[in-house]
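> Let me see the structure of the following:
(2 chains)
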Amino acid sequence: MNNYEHSVFLDVKKCIGCTTCLRHCPTQAIRIKDGHAVINEKRCIDCGECIKICPKKAKKPVCNKLKDLDSFKWKIALPAPTLYGQFENMDDVDYILNGLLKIGFDDVFEVSTAAELASAYTRQYLKRPDVVKPVISSACPVVLRLICLRYPSLKDNIIPMLPPMEIAAMMARERAKKNHPELTDSDIGVCFISPCPAKASYVKNGFGSYKSQVDVVIPISDIYFQLINAMEHSDDIETLSKSGMIGIGWASSGGEATALFNDAYLAADGIENVNRVLDQIENDNIPPLEYIELNACTGGCVGGVLTMQNPFIAKAKLQTLRRYLPVSQNFVKNDEIIPEKYFFEEIPTYYPISRLSESMSESMRMMAEIQKLRDKLPGIDCGACGAPTCRAFAEDVVKGTAKLSDCTINYRSELLEYLKTKDEDCDSN
Amino acid sequence: MSEALNFHFDVDGDDFTSAGQASVQIKKNLRQLGISPDTIRRVSIAMYEGEINMVIHAGGGEADVSVTEDYVEILLTDHGPGIANIEQAMQEGFSTAPDAIRSLGFGAGMGLPNMKRYSDYMNIDSEVGKGTTITMRVNL
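Below is the predicted model of the structure:
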């Protein structure tokens, strides 16, 4: 977890060190150094908040380009259900899927198809007698990383099932090899069309020992205009879509949880709300619940930073699109055992990001110093020193990554104090 | 051995919505000291229950937490009505919380039993009309 490859890039030329991202980072991973933002990679959870909030557009997502697929003989598009909510006058998912074939993909496999299987398997999983409740969803990669870094005691609550994107990638590969036996694994390029950069990080880094089956991640916003031009609203197109209300519902908050047909659930969205819910679960301060759906983005995946539409409008469009669809188009038999390959083996080991030092006595000494220093600081969290709060600044000073003189307010009052003693010296002379 | 590290919190009895803040802050501090997740969980639940109790029954109070390399000690002091019958108060399900509080999901009579369950040592010192002092210790 130390060499984690992130999906946020800073354009140093555009960044003016304005401290906006500093205040919005939920894990306090950002500092302003030498006039621009610096991200602490160990703390970053790829939530994309800084990309969304940056007034200078200096923070950018790092994803693939379409041309990264060129080396593959057989290109498969994996559209996230969020994609369906991005267009005007959309009454048929097949327009989009056929459009994807037109812009160069050889095959399309809907992530919503895999999501319907994931829902069915989750319903089964909840019936197992040995499951730790409440079960927490594993679909949002930001939430997974947040739990590993900040809420390690909740690791056993996470459902060890792969997210729909991975299940879709596996199924798409199997289908390609069955229909085209001449293809080898390296011939097949699986491309996820993504609402968020966190999925790109998940694909690059895998999860624990699990290696992603997706090869390339492309932002919805990158492919959007090309796709609009290729989409034909006609009756004379191939029927490709095989997903129902449940699968498409996964794009917005609550869709995944309601598909479990169980009232004892909670669905929270937005990273601050997610943090609050996790805190309460840790304190045993929640009603008895079966399932917890958590999405880092407001509104769920429709709120991802790589989308085109306002998340609430996208959600409304998806509701219209879902209206006349069957509840589900993918089924598993009641007694069917969940295939082992859809589970991940382990959750990455807990790396305590906030720990001050390896040794407890040293940590205690440092914390005592932090407390003393904090009382000296103004406590207004202005951010001018480059740290998000006075408390964080005190930690940085004690850790040796910042100097006390970086606090302009403290510096000024010390200066005034000094001048006063100087004056007094002059007077007494 | 280094000295104990002390944290002090005033638990505001007037504002029920802010109850539980001290235990959230303690949790953050213990994480920074590198204490195991399981211990942190026990300390924060024990403290949370105690904090809620002080707000519901005693109009607030003070929480003092000291951390040494061997244990975390939580000292809760209030000047509320005191506990008339400690043995009875320790029973699961026994509660004197008002209905308004119960409708929020609190006052199920699990506060003190949970504090006992999650700590390695607990002592209640209470005098009716004067107040209550609770000491809890979680070994590291």
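
> quick one: low-confidence ranges for chain B?
Along chain B, segments meeting pLDDT under 70 span B:1-2, B:104.

> Close to chain A: what parts of it are there?
Along chain B, the residues adjacent to chain A under the rule Cβ under 8 Å from any Cβ of the partner chain are B:1-3, B:5, B:7, B:20, B:23-24, B:27-29, B:31-35, B:37-38, B:40-41, B:44-45, B:48, B:67, B:69, B:105, B:114. Where C-beta positions appear, they are placed from N, C-alpha and C, glycine not excepted.

> so where do the strands sit in the chain?
Defaulting to chain A. Applying DSSP state E to chain A gives strands spanning A:8-10, A:30-33, A:36-39, A:59-61, A:74-79, A:107-108, A:135-136, A:188-194, A:216-219, A:265-269, A:291-295.

> Oops, wrong one, chain B.
Under DSSP E, chain B gives strands at B:5-12, B:60-67, B:71-78, B:121-127, B:131-139.

> The last one to strand B:60-67, inter-axis angle?
Taking axes from the mean of the first three to the mean of the last three Cα atoms, to 10 degrees, one finds that strand B:131-139 is oriented at 20 degrees with respect to strand B:60-67.

> the helices in the stretch 101-250 of chain A, which residues?
Per DSSP state H, counting those that start in this stretch, the stretch 101-250 of chain A carries helices over the ranges A:111-125, A:141-150, A:164-179, A:197-205, A:220-230, A:245-249.

> Neighbours of the closest residue to residue B:93 other than its chain neighbours, how many?
Of all residues not flanking residue B:93 in the chain, residue B:109 sits nearest, at 4.1 Å (Cβ to Cβ, 6 or more residues apart in numbering or on different chains). The number of residues packed near residue B:109 is 16, by other Cβ atoms under 10 Å in any protein chain shown.

> who's in contact with residue B:109?
Shown in contact with residue B:109 (Cβ atoms under 8 Å, 6 or more residues apart in numbering or on different chains): B:91, B:92, B:93, B:94, B:95.

> center of chain B - which residue?
Of all residues in chain B, the one closest to the mean position by Cα atoms, centre = their mean is residue B:50, 2.3 Å from it.

> Show me the helices in chain B, by range?
Per DSSP state H, chain B carries helices over the ranges B:21-32, B:37-58, B:86-89, B:99-102, B:111-118.

> Of all these, which one is nearest residue A:11?
Residue A:11 lies closest, by Cβ to Cβ, to one member of the helices of chain B: helix B:21-32, at 32.5 Å.

> The residue nearest to the centre of chain B contacts residue B:136, doesn't it?
Yes - counting by Cβ atoms under 8 Å, residue B:50 touches residue B:136, with 7.1 Å between them.

> what touches both of those two?
B:74, B:76, B:115.

> and the second one, how many neighbours does it have?
Applying other Cβ under 10 Å, we find 27 residues neighbouring residue B:76.

> Spatially nearest residue to residue A:326 (excluding sequence neighbours)?
Excluding its sequence neighbours, the residue lying closest to residue A:326 (Cβ to Cβ, 6+ apart) is residue A:244, at 4.4 Å.

> ok, so what distance separates the one you found from residue A:393?
Going from residue A:244 to residue A:393 by Cβ to Cβ, to the nearest Å gives 52 Å.

> again with residue A:276
24 Å.

> neighbour-wise, which of these two wins?
Neighbour totals were compared for residue A:276 and residue A:393, and residue A:393 leads with 28 against 13 (other Cβ under 10 Å).

> pretty sure that one is in contact with residue A:408, am I right?
No - counting by Cβ under 8 Å, residue A:408 is not a contact partner of residue A:393; they are 11.3 Å apart.

> what touches both of those two?
Joint contacts of residue A:393 and residue A:408 (Cβ under 8 Å, 6+ apart) are residue A:385.

> so who does the residue nearest the centre of chain A touch?
For chain A, the residue sitting closest to the mean C-alpha position, by Cα atoms, centre = their mean, is residue A:142 at 3.3 Å. Listed by Cβ under 8 Å, 6+ apart, the contact set of residue A:142 reads A:45, A:46, A:47, A:48, A:196, A:198, A:271, A:296.

> try residue A:32
A:17, A:19, A:22, A:38, A:383, A:386 are the contacts of residue A:32 under Cβ under 8 Å, 6+ apart.

> for residue A:144, same thing?
Here residue A:144 is in contact with A:138, A:158, A:207 (Cβ under 8 Å, 6+ apart).

> ok, so what distance separates it from chain B?
16 Å (Cβ to the nearest Cβ, to the nearest Å).

> okay, now residue A:388: neighbour count?
Residue A:388 - counted by other Cβ under 10 Å - has 21 other residues nearby.

> how close does it sit to residue A:12?
Distance of residue A:388 to residue A:12, computed by Cβ to Cβ: 20 Å.

> Next: residue A:384.
20 Å.

> Please identify which of the two sits among more neighbours.
Shown here are residue A:384 and residue A:12; by other Cβ under 10 Å, residue A:384 has more neighbours (15 against 12).

> Against chain B, how distant is the more buried one?
Residue A:384 is 24 Å from chain B, by Cβ to the nearest Cβ.

> Repeat that for residue A:121.
Counting by Cβ to the nearest Cβ - residue A:121 and chain B are separated by 28 Å.

> What of residue A:155?
Distance from residue A:155 to chain B, by Cβ to the nearest Cβ: 9 Å.

> Check the burial of residue 53 by counting its neighbours.
If you meant another chain, say so; for now it's chain A. 15.

> that's the wrong chain, I wanted chain B
Residue B:53 - counted by other Cβ under 10 Å - has 26 other residues nearby.

> isn't it right up against residue B:113?
No - using Cβ under 8 Å, residue B:53 is not in contact with residue B:113, being 11.6 Å away.

> residues in the stretch 1-150 of chain A within reach of chain B, list them.
residue A:150.

> who in the stretch 151-300 of chain A is up against chain B?
So far as Cβ under 8 Å from any Cβ goes, the stretch 151-300 of chain A lies against chain B at A:152, A:153, A:279, A:282, A:283, A:284, A:285, A:287.

> Neighbour count added to the residues you listed, as a markdown table?
Putting these into a markdown table (neighbours: other Cβ atoms under 10 Å in any protein chain shown) gives the following:
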| residue | neighbour count |
| --- | --- |
| A:152 | 21 |
| A:153 | 18 |
| A:279 | 17 |
| A:282 | 23 |
| A:283 | 18 |
| A:284 | 14 |
| A:285 | 17 |
| A:287 | 8 |
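
> For the closest residue to chain B within the stretch 201-350 of chain A, which non-adjacent residue is closest in space?
Residue nearest to chain B within the stretch 201-350 of chain A (Cβ to the nearest Cβ): residue A:283, separated by 5.0 Å. Nearest non-adjacent residue to residue A:283, counting by Cβ to Cβ, 6+ apart: residue B:48, 5.0 Å away.

> Tell me the spacing between the one you found and residue B:115.
9 Å.

> In terms of packing, which of those two has more residues around it?
Using other Cβ under 10 Å, the more surrounded residue of residue B:48 and residue B:115 is residue B:48, with 27 against 23.

> quick one: contacts for that one?
A:283, A:285, B:20, B:23.

> Over to residue A:6?
A:39, A:41, A:44, A:46, A:62, A:201.

> Buried among the residues you listed? Make that a ChimeraX selection.
Buried residues within these, by 16 or more other Cβ atoms under 10 Å in any protein chain shown, are selected in ChimeraX with:
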select /A:39,44,46,201
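
> a markdown table for the contacts of residue A:6, including pLDDT?
Shown next, in a markdown table, are the contacts of residue A:6 (pLDDT from 0 to 100):
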| residue | pLDDT |
| --- | --- |
| A:39 | 94 |
| A:41 | 91 |
| A:44 | 93 |
| A:46 | 94 |
| A:62 | 93 |
| A:201 | 95 |
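
> No further questions, thank you.
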